[in-house]
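S.K.: Need coordinates for the below:
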Amino acid sequence: MTDSQNNNEQYFTSDPKSNHHYYEIDYEIDEVKFKFKSDNGVFSKKQIDFGSNLLIESFLDDEKKVNGDLLDLGTGYGVVGVTIGKILGLKPDMVDVNNRSLELAKYNLENNNTLGNVFYSNIYSDISKVYDNILVNPPVRAGKKIVSEMLEKAYDYLKINGALYVVLQRKQGSPSAQKLMEVTFGNVEKIRQDHGYNVLKSVKYE
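M.R.: Numbers count the residues shown, from 1 in each chain. Predicted structure coming up:
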């Protein structure tokens, strides 16, 4: 693999081969300040991506949310799990297929004095419990099949009255995701839209 190929390596690769180049990102939400460490070979390595920020804001602002067990599915370097875990006093499960991302997520939990469980899971392959909330900013470049599996199978990993929160760009599959969530859960709500991004929520009622 050439250096150019290394730099363009997909973030959903299990073991990135790109040379390490670390970044430090400052982030603040709800007047709480965070510092995140990122690296080559992970998603949105230089800044907190707009979609993740919108997902975090939307979840925190949702007055109907259940403050309980949370799964950060496809955690990357841990932005969603770390911020929500710290602000709400939760201990989220944070999973990914990218081992470099997992190491960074563990570091970022500790560095931000937050509790959580970080471990490998290929979508739900290593998940053995059910949750009150599943949050996901899907890896659209992995393809529609992967994204659909993340959303559809979430039903089986939610408690009754648990909710799936998803952020997607309209041009990258939000309309089809909305239809899939409606079919799977029998309900879907667009709780936020901003700059072409939609945050969708479905609740498991039975």
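S.K.: Show the subsequent helix or strand relative to whatever helix or strand residue 55 lives in.
M.R.: Element membership of residue 55, judged by DSSP states H and E, is helix 50-61. Proceeding N to C from helix 50-61, the next assigned helix or strand is strand 70-73, under DSSP H and E.
S.K.: Give the buried residues for the strand ranked longest in the chain.
M.R.: Secondary structure assigned by DSSP state E gives strand 158-169 as the longest strand of the chain. When burial is assessed from 16 or more other CB atoms under 10 Å, strand 158-169 yields the following buried residues: 158, 162, 163, 164, 165, 166, 167, 168. All C-beta spots, glycine's among them, are computed from the backbone N, C-alpha and C.
S.K.: For the protein, just list every one of the helices.
M.R.: For the chain, the helices defined by DSSP state H occupy 3-7, 50-61, 79-88, 99-111, 144-152, 174-185.
S.K.: Save the ones you listed as a markdown table, and put in distance to residue 128 too.
M.R.: Listed next are these as a markdown table, based on distance: least, CB to CB, whole Å:
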| stretch | distance to residue 128 |
| --- | --- |
| helix 3-7 | 35 |
| helix 50-61 | 23 |
| helix 79-88 | 18 |
| helix 99-111 | 17 |
| helix 144-152 | 17 |
| helix 174-185 | 21 |
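S.K.: Pick the most deeply packed of those helices.
M.R.: Most buried of the helices of the chain, by mean neighbour count (mean count of other CB atoms under 10 Å): helix 79-88, with a mean of 24.
S.K.: Remind me what it packs against, helices and strands.
M.R.: strand 23-29, strand 32-38, helix 50-61, strand 70-73, strand 93-96, helix 99-111 (3 or more CB pairs under 8 Å, 6 or more residues apart in numbering; DSSP states H and E).
S.K.: hmm, try it at 6 Å
M.R.: Here helix 79-88 touches helix 50-61, going by 3 or more CB pairs under 6 Å, 6 or more residues apart in numbering; DSSP states H and E.
S.K.: which stretches of this structure aren't confidently modelled?
M.R.: Low-confidence segments of the chain, defined by pLDDT under 70: 1-18, 45-46.
S.K.: hmm, try it at 80
M.R.: 1-19, 41, 43-46, 140-143, 171-173, 206 (pLDDT under 80).
S.K.: tell me the centre residue of the protein?
M.R.: Centroid check for the chain by CA atoms, centre = their mean gives residue 136 as the closest residue, at 3.8 Å.
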